[in-house]
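A.B. asks: here's a sequence, model it:
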Amino acid sequence: MKILQQNIRLGVFLPWLFFGAVVGVSMFVALLNHLALSPSFEKMAASIMTRVGRETAINTKNFLDTAARAVWLTRDLLASDHEEGLTRERFNRTTRGYLLQHPHFSLIYLGDSGGNNWLNKRERDGTLRTRILRRLDDSATAKATVAEAMKMPVTTPEEKNAVAARIAPFLETTWYRQDEVGNLTEREAAPYFAFDPRLRPWYQGAEKNNGLFWTDVYTWAEHYQGVTSTQIGITASVPMVVKGQTRGVVGVDIVLKDMSDFFAHLEITDHGRAFIVDGEGRMVAVADYDQAVHDGGEGRIQRVKISDLTDKAMATAFETFAARVQEEGKMLSDYQGETLFSVSVAGEDHFAFIRSLDSGYELPWFIGVVVPQNDFLGQAKEQLQVSLLVSLILSLVMGGGSMVLGRMIIRPLEKLVDASRKVGALDLDAFETMGTRFLELDIINRQFREMRDNLFVVLRQIVDTIQSLRGASLNLSELSPEMVMRMDRVTELAMASTDAARRSSEAMVAISTSVTAMNAEMACSDQSMVAARGSVDFLQERMEGLIGGVQTVTGVLELGNTELLSIQQEAAASADELRSLVTGFAELEKNSQTIHTLGQGATQKAREARTKAELRMDALRRLAEVIHGIGQVMVSIRDIAEQTNMLALNAAIEAAGAGDSGKGFAVVANEVKDLSRKTREATVEIDQHVDGIADVFRDMETFVGELMTGLGDIDRANVSIFKALEAFNMQMATMSGSVTNISRVFDRFSEKLTAHAVSVQHENQRFQDLAGYLDEIKEHIANVSSQTTEISANLGRVVAASDIIAGKVVTVTEDMERTAADMQQLNQTTQEMRAGSGRLSYETEKIADTTMDLENTASRFIV
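C.D. replies: Alright, predicted model coming up:
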């Protein structure tokens, strides 16, 4: 602790500080990168492992999905062939392409509800063969006999002959070899082959599911070229449903060896491997097929338990996974999901990824991937170690350089310390020259020299200032008594000005009161003139209204006279029209009689036309029914064409996937597609024609119906017209008499209107005279109004002038008051200045003392 409390020499401390800081920081950064990157590498490796595991699971799913898609498409194609009569050529043409396109397909077959079986098979040497099993008898006895024969051994020739003798009346099995283009050749009988597809798990499972079904792993015997072998694999199957009934089941076999070959060709990592295991720990597929199965004796094949594998990493990974699932309280058969974890085998760490197969397969399988961690982390760890070593070497080199750099910085600093000590001792003589290659230190040296020069200049300025202060203090001492005398004189003048301002303010207040009283009197006079002017204006408005009323009455009388003359003329004309109307009524009566006669003939013709239209309507309805039947037939034809086109499209897709071997099949599929397209186009064209004919018949039917309705309406309308004509004739006679009477009344009315028009003209003249008198009165009232307005304007100008005078008086009063206040303030200021002059004398003495002190301080500098 005492060492830490002592002062430290910078020349020793700074180089070692640079060295320690550079080396320490470099090593700290390197170590921090190591600690930070190690978990990152592990996370990255885990992420890559998860992606690799998922891709492996997806590839496995795609591997199995090809079988599912193939079995669905084969089912669709064989369903149409089965309806037309399935032959060996059709079956071979449909299934051969899938076997060529997918090398991992071992068999594709169809078992129908009658017990017949069609099969296309790829032998282990690549040869394609076709087997046709026809059931000759499907009675209960035949089924029982075949079932018993299936249990009989067929090892020796005698055993084969015994089986052949039992099933010969019921089954016929034939093998065909295919040439390079798929033609069936080399027919070979298999009389001892006893088989019923309906009893197989793949048939029963698909029929029960009514959809895709995956069997569990099972074994079956194969006979080829006189050799009997056993295969192990799985089957994907779907039912073939035609018109709501199950007509058979289509299946595709995949052997486990092909699945293992698929895993052998999967690219994972340099040492990574994948596997499939079921829920009981039995192997399904692994890259090395011989590790997945072993010989069970007597030609049987058995699957190996994963715990018995020589690859202990796989075994340990699955055991760890099973233990975790059990810890969660679950069964392996119920587990769905994926998990990533680490296992250690023989001192080597591995990543393990296990994922359940999708639930849609109904297979309790698990896809696993095991990869040594060094496949991901080995190279990264080596690179990290190399980076640490390089960081250490660079830190040592940089530390040595930092010590040299520290010494180069310390030497100039020591000279600066000596110079600062001289300045502290007030010694401003020349400093020792400091040589340095560092720009910043050189700048400090120059700044230090400039500071010394500036101090020297400042010292000279201080001496000059002292001399000036001494002279100024003497002058201030002499001016202080004179300032006191001048302040006393200013105080006397300020008090006299204050009294004069107060007296002027009182006089202005009296003047303002007089002006205010005068304004009040003028305001009363102005109000009286305003009231008089309002009365004159009111009288003038009344006269204008009276004149307007008289003019309105005059106009009304003139208009009334004009209207009376017009009414008189209209009345005369109306009388003439009424006399003409009486003559027209007589002619209308004659015309109505003629219309009545013609209407009776039209009614008879309309009834005859309605009868004929009803007969045509029945014929049109029968034709419409025939056309509708044609349309239904065309709908059925179009549905068949669309189904054919869909089948042809599926066939074309499969042919394209088959490559060169599917070209012939593609040509046939295209021909079928073109034929279905032409059929569909023809049906569409026929439908258009049929629809056009149907539209025409519907229009004709509508027209005839409307015609019948119209004829009925005409018949009813004629009856109504006859009745209306009779009533019309009676009304015409009555109206003719009435019009004659109205004509006489109009003649008398015209005479009275003439007399009334003369009276209206006399009244109009009297009102025009009255309007003239009122105009003269209006002119006199206008003169009075103008005089009143002029008087009011003069009063307004007088009031405005008095207001201006009052405002000026107020302004002067305020100015006097402000002047008095300013004088009082001036008096106070002079008193304060008088007191300040005493303080000025005191401060002058202090300046003299300070000047003496500065002279003593300046004398201490060494120049």
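A.B. asks: ok, then the element right after the longest strand along the chain?
C.D. replies: Ranked by number of residues, the top strand in the chain under DSSP state E is strand 227-242. Per DSSP states H and E, the first helix or strand lying C-terminal to strand 227-242 is strand 245-255.
A.B. asks: list the contacts of that next one.
C.D. replies: Applying Cβ atoms under 8 Å, 6 or more residues apart in numbering, the contact partners of strand 245-255 are 64, 67, 70-71, 74-75, 78-79, 82, 98, 104-113, 197, 202-203, 206-207, 231-241. (Glycine included, C-beta is placed from N, CA and C.)
A.B. asks: hmm, back to that, and the longest strand of the chain, what's buried?
C.D. replies: If you call a residue buried by 16 or more other Cβ atoms under 10 Å, then strand 227-242 has these buried ones: 231-240.
A.B. asks: so which of those residues is the closest to G279?
C.D. replies: I234 (14.9 Å; Cβ to Cβ).
A.B. asks: what bridges to the closest one?
C.D. replies: I254 (DSSP bridges).
A.B. asks: list the residues that contact it.
C.D. replies: Per Cβ under 8 Å, 6+ apart, neighbours of I234: 214-218, 253-254, 256, 363.
A.B. asks: tell me the least confident of the residues you listed?
C.D. replies: Lowest-confidence member of the contacts of I234: L363, scoring 86 (pLDDT).
A.B. asks: okay, it and G53: tell me how far apart.
C.D. replies: 18 Å (Cβ to Cβ, to the nearest Å).
A.B. asks: who has more neighbours out of those two?
C.D. replies: G53 (26 against 20; other Cβ atoms under 10 Å).
A.B. asks: once you drop chain neighbours, what's closest to the more buried one?
C.D. replies: F353 (3.1 Å; Cβ to Cβ, 6 or more residues apart in numbering).
A.B. asks: and what of Q336?
C.D. replies: S356 (5.1 Å).
A.B. asks: and that neighbour, how many neighbours?
C.D. replies: Neighbours of S356 (other Cβ under 10 Å): 22.
A.B. asks: and what of W214?
C.D. replies: When counting by other Cβ under 10 Å, one arrives at 22 neighbours for W214.
A.B. asks: isn't it up against L363?
C.D. replies: Yes. Judged on Cβ atoms under 8 Å, W214 makes contact with L363 at a distance of 5.3 Å.
A.B. asks: pLDDT value on the residue nearest to Q336, please?
C.D. replies: What the model reports as pLDDT for S356 is 92.
A.B. asks: D418 now?
C.D. replies: With respect to pLDDT, D418 scores 72.
A.B. asks: what is the burial count for it?
C.D. replies: D418 has 11 nearby residues by other Cβ under 10 Å.
A.B. asks: now do E186
C.D. replies: Taking other Cβ under 10 Å as the criterion, the count of residues near E186 is 10.
A.B. asks: can you check N454 too?
C.D. replies: 10.
A.B. asks: and for A292?
C.D. replies: 26.
A.B. asks: for it, give me its contacts.
C.D. replies: Going by Cβ under 8 Å, 6+ apart, A292 touches 256, 260, 283-286, 303-304.
A.B. asks: and the gap between it and N59?
C.D. replies: From A292 to N59 the distance is 18 Å (Cβ to Cβ).
A.B. asks: what do you get for Y361?
C.D. replies: From Y361 to N59 the distance is 15 Å (Cβ to Cβ).
A.B. asks: between these two, which one's more packed in?
C.D. replies: A count of neighbours by other Cβ under 10 Å puts Y361 above the other of Y361 and N59, at 18 against 15.
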